[in-house]
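**Q** Quick one, structure for this:
(chains A, B and C)
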Amino acid sequence: MGNEKIDFSDVILKLEDINKSFPGVKALQHMQIELARGEMHAVCGENGAGKSTMMKVITGVHKADSGSIYLNGEKVDIREPNDAYGKGIAIIFQETSLFKDLTVLENMFMGHEPVTTVAGFIPNINYGAMRKKADEIFDFLGIAGQIDYDAKIDNLGVASKQMVEIAKALTYDAKVLIFDEPTAALTNKEVRALFRTIARLKEQGMSMLYISHRMEEIFEIADRVTVIRDGSYVNTAPIGDVTEQQLISWMVGREMNDMYPKAEVTIGETILQVSNLCRSGEKDGFPLDHVSFDVRRGEIFGIAGLAGAGRTEMAECLCGLRKYDSGDVTFEGRQLHAKNYREAINDGFIYVSEDRKKYGLVVAMSIENNLTMSILYRLLKNHFIDFEAEDKLVDKYMQDLRVKAPNREFVVENLSGGNQQKVLVAKALCAEPKILILDEPTRGVDVGAKSEIHRIVSSLAKTGLTIIMISSDMPELLGMCDRLMVLKGGKKTGVLDRSEFSQEKVLKLAL
Amino acid sequence: MRKGFKVSYEIIMVLILAVMIAVFGILTNGLFFRPATMIGCTADVAYLGVQAMAMTLIILTSGIDLSVSYQMVCSAMVCAWCFNAFSVSMGAGPAIALAVTACILSGFVFGGVNGIIAKHTPINPWLITMSTMYIFQAISWFFGTSFAFSAGNPVVDIGNAKLGGIVPTQLLVLLLVFAVFWVLEKRTTFGRYVHAIGYNENAVNYSGVDAGKMKFWVYTLGGLMSAVAALMYLGRSWQINQETGVNMNIEVIALVVLGGTSTAGGVGGVTGSLLACLIIGVLKKGLALMGLPGTVYNFIVGIVLICSLIFFAYLEKRKKMVSRKMAIANMDQ
Amino acid sequence: MKKKNPISAFLSSREGALAVFVVICFVVLCLTTNLVGSMFVYLRDLSYLLVGGLALMMVILLGEIDISSGTVLGLIGFCSFTLVQRNVPLIICILVGILVGMLNSLVVGFITVRFRVPSMIVSLAMVKLHIGLFSLLPNAGYVSNIDPAITAVGTMRIGPFPAMLFISFILLAFFCWLMKYTPYGRKVYAVGGSAESAVLAGINSDKIKIKTYLVSGALLGVTAVMYWLPKTQVQPSSCMGMEMYFLPIAVVGGVSIMGGSGRPIGILVASFLIALLQRASYLLDLGTQWMYLSYGVIVLVAVYSMFAEIPFLKKHGKTEKGGGGNA
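**A** Sure thing, here's the model as predicted:
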């Protein structure tokens, strides 16, 4: 694809000075973007940069606090999803919005089925018209006959579901299509199929926004690319006028030095050896293919890679939270195979989940209850909970980690993201682990708290604790880690030592 | 949670109890104030209260047990059958011991069935216990249509006895069971995890705790308490039949819900259920003393239940608004 | 793409498998017992069970539940037949019954939707309310001395079939159409299937829920009329627990308790089965214990089949899973 003579001044969609805040977070600040007719416009930025929020404002899921949206030069008011659909704006969601028990056809037309009126007032859905329109759309997309209209969504694979989502968007006579990280869960073959479809759409004059942080994709299909960072607009450029290097620097744009207080730590002998870990990932999660690595005492070992590379699965396998098919794990000389998380904790491993609201914390309970949840059995006096000991322990950790809250009984839900993350880390430290595995430790955390958490991680390393850190935040990994392993599609593509760290090298290995 | 909203709701319930006693006392011209009546009124509903204790834990895990009614009926039938079968050959004493043991054991078995299915399958507890309710009902029919104890049954004597002529043994058993469950809920790891499971089962599993095991035990306890309730019931009346089981599950669940425990899980506790039981006992006796037919109480309970639910929903909404404000106030920048 | 042959589509579905099972049971019972002799009563039972099953299906499709659907029959019976006693034209009485049903369901629905209270608990409270109401009514709600002419309407025949059955089938046909061919019907599935996706599809969930409760209530009204008409007196208390027939009908009929899936045709097949169970236990002179046992087992099997995968259905089930693509 590329820049075949798109007139960038023929603007179909424009966002001007859009601001949006949520409790505790300023998601979008003075955001702007322009989409030209027939253009494929990529939007990239790190996790948390505000890409999804911006799309939700365009499609009516959120209402902007201030600012304007222009469609074909006219100011429009988009308050709810139906408004966006009515104006020809449709989005292909990252997590599908389909109804799993209904069929492809039913999903495509849900809420706006073609209806013939009988006797003036009796509505009758015209399935024949639906099939005809579906045929047209599938032809338009170049996938005629490939998906069974009567198949239940639940029975389709991820790629097919996405096709249905695209088809569904087209039933609204969309003029603007938005793709939100569509390739995150697709295989290479499926990505090619998607791009063929996108090429078709482009031929037919569709204007598209494409959110992604995958450089090779952006350079393959986009006409222009806009970079956003921390909720603000950075820059826009035609794809031919910019390099990957430049994009990355716009995305990151920070002085790395002051963010990452790396302390000098003596790194010891190898304590963890993982060899040839394999899992098929057929039933659940992503696969791992003969991953081998070792970790040394006292080091901060990073694991990088794109979503779907298997980083979380790797960590969960080490901690008995997920089954693996084959491979050896040796820790401090002993062969381990934890059957469940409790055993892993007893072995000295602790895993801090990336989704703290779902797996990490019980947000409706107090800081105290959350902190001690993993090790409550160690705080017993005569088989009953020793509240005094619990209070003392919680106070100590709250102080050490500088958790900002009025008291121990404060409900976690009311804490800011950064403080919630600190509670989660404290919960992990309570168990006095030998290896601490952090999965996206600063996701959804504001800048100030981010550096605090990094400070904590650094000081933990200084005490001799071995840390494995999984992150999508490149500067964070490069700033904090001693060594870094990159996973791609379940395989290890490389291990870098701190002396050879560079963003380009890591990205190259990850993409 | 040790402070905050929950305590104030329980205080409200105590106040309601006091007000009700006062009102009924006045409306019955002082009849209600007689110690024997006032304290004794709970004897009627104590067996429901005991089941409500276990049901509270089940509902706290965001589960439910619809089969308690027929667990209780079956356990009672097991008890009565054992006694009747062996009282002649073994003598009343040993026969009663056997019958009671059999009853308790049956409680474990029935509860255990629910527990095993809840632990090992992802089936909704609603559906699990609806099915087992039918099966237990069937089992009760296999026993026969009704069972009456033979004469001279010490259980009935104990069951109807009153300590010092005032405090019925039923109430004492209820308070004892409450004490045990209160300790379980508030002072053991089990209790802490039960609350947590209701809020977020995933997080519990990711804390190295086997949530499935906890769920198994709450249902088994449910069965055990149904067996205890069976003994208590048999202690007051001579016989047991299937009619007793009709809608008993609704009564028990109503006690738990009135006591402030949310069916979504996590929120609530056994204290509320106990207070709800006492309130219901007072209500029932008070209405009876006023000469109103027994089912007027049903009507009032229905209205009270609906009103309390609306009240809870309103409280939840307010709590959410307050926590939004607090979250904003706690932003880190 | 052409539609699949509807007959083969039906047979390869869960409802189809169940239908085969029911037909087999039916034939076996016809041959071994006097089912043919009591066919009329069987079909009359089927009539009200079918409509009651549809009533509950509507609510369960939303992801809600209505436990008061049993006791409300008694209430409707009382209201309706008190008017019958006063020689009000039957058609008015029936309409009143339907209105009472709608009112009851509206209360349940309103509290559920407006106050976000779990429908299970709301309907539970309504049960207590109903039971209490019965005691407050004159004669504890009993209505006797019903004009035999009215009762005769209940036992009216068209050929060898009860007249009621035709009404039930007309209603069934109507709902088969409603759920598949009207935007309202589709929205019910959406609201029950996924609340978030429904919002994204621009659907007003609250409005749909209230509408559906009203529909369910109207159906309960019809159920009550069908239930009481052939009887010589109305005894509200005998309806307690009837929801424990309608619920299994829905569950066995393939309506997922989580909401969002299930078809009226499944209700038809399931009510055939449940009515058969009732009749069979009577004909075979089985004790109540076998009836309840079979209910329990059937519900367990139906429920388990939703989570497990039945081998011979698998061929038409999962077409692809995991990373498999189409290009």
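
**Q** Please tell me how far stretch A:394-402 is from the chain's geometric centre.
**A** The chain centroid and the centroid of stretch A:394-402 are separated by 30 Å under Cα atoms, centre = their mean, to the nearest Å.

**Q** could you give the mean pLDDT of that stretch?
**A** The average pLDDT within stretch A:394-402 is 91.

**Q** is it anywhere near chain B?
**A** No - Stretch A:394-402 lies out of reach of chain B by Cβ under 8 Å from any Cβ of the partner chain, never closer than 10.8 Å. For the C-beta atoms, the positions are set from N, CA and C on the backbone; glycine is no exception.

**Q** Contacts for that stretch next, please.
**A** The list of residues contacting stretch A:394-402 from outside it, by Cβ atoms under 8 Å, 6 or more residues apart in numbering or on different chains, reads A:367-368, A:371-372, A:403, A:405, A:408, A:422, A:425-426, A:429-430, A:452, A:456.

**Q** List the buried residues of that stretch.
**A** The neighbour-count check on stretch A:394-402 (16 or more other Cβ atoms under 10 Å in any protein chain shown) flags A:394, A:397-398, A:401 as buried.

**Q** Can I get the buried part of the contacts of stretch A:394-402 as one ChimeraX selection?
**A** In ChimeraX, this line selects whichever of the contacts of stretch A:394-402 come out buried by 16+ other Cβ under 10 Å:
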select /A:367,368,371,372,403,405,408,422,425,426,429,430,452,456
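
**Q** Which members of the contacts of stretch A:394-402 additionally contact chain B?
**A** Filtering the contacts of stretch A:394-402 for neighbours of chain B using Cβ under 8 Å from any Cβ leaves A:Ala405.

**Q** Would you point out the most distant pair within the contacts of stretch A:394-402?
**A** Spatially, the most separated pair among these is A:Thr372 and A:Glu452, at 22.2 Å (Cβ to Cβ).

**Q** mind listing which of the contacts of stretch A:394-402 are in strands?
**A** Using DSSP state E, no member of the contacts of stretch A:394-402 sits in strands.

**Q** Report the lowest-confidence entry in the contacts of stretch A:394-402.
**A** The minimum pLDDT among these falls on A:Glu452, with 82.

**Q** Would you agree that residue is in contact with A:Asn419?
**A** No - using Cβ atoms under 8 Å, A:Glu452 makes no contact with A:Asn419, being 9.5 Å away.

**Q** Contact partners for the residue sitting nearest the centre point of chain B?
**A** Closest residue to the average C-alpha location of chain B: B:Ala52 at 1.3 Å, with Cα atoms, centre = their mean. By Cβ under 8 Å, 6+ apart, the residues touching B:Ala52 are B:252, B:255-256, B:259, B:273-274, B:276-277.

**Q** show me which of these neighbour chain C.
**A** Among these, proximity to chain C is found for none (Cβ under 8 Å from any Cβ).

**Q** so how far is stretch A:144-157 from its chain's centroid?
**A** The mean C-alpha position of stretch A:144-157 is separated from the chain mean by 27 Å, Cα atoms, centre = their mean.

**Q** got the CA positions of that stretch in PDB?
**A** C-alpha atoms of stretch A:144-157 as PDB (Å, rounded to 0.1, in the frame of the first residue of the first chain):
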ATOM      1  CA  ALA A 144     -17.300 -14.400   0.000                       C
ATOM      2  CA  GLY A 145     -18.300 -17.900   1.200                       C
ATOM      3  CA  GLN A 146     -15.600 -18.200   3.800                       C
ATOM      4  CA  ILE A 147     -17.700 -17.800   6.900                       C
ATOM      5  CA  ASP A 148     -21.000 -19.700   7.600                       C
ATOM      6  CA  TYR A 149     -23.700 -17.100   8.300                       C
ATOM      7  CA  ASP A 150     -25.400 -19.600  10.600                       C
ATOM      8  CA  ALA A 151     -22.400 -20.400  12.700                       C
ATOM      9  CA  LYS A 152     -22.500 -19.400  16.400                       C
ATOM     10  CA  ILE A 153     -19.900 -16.800  17.200                       C
ATOM     11  CA  ASP A 154     -18.700 -19.000  20.100                       C
ATOM     12  CA  ASN A 155     -17.500 -21.600  17.600                       C
ATOM     13  CA  LEU A 156     -15.400 -19.300  15.500                       C
ATOM     14  CA  GLY A 157     -11.700 -18.500  15.900                       C
END
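
**Q** Can you list the buried residues in that stretch?
**A** A:147-149, A:151-153, A:155-157.

**Q** Then stretch A:216-236?
**A** The neighbour-count check on stretch A:216-236 (16+ other Cβ under 10 Å) flags A:217-219, A:221-231, A:233-234, A:236 as buried.

**Q** just checking, which of these belong to helices?
**A** In this view, these that belong to helices under DSSP state H are A:217-219, A:221.

**Q** Out of these, which is nearest to chain B?
**A** Set against chain B, the nearest of these by Cβ to the nearest Cβ is A:Ile218 (31.4 Å).
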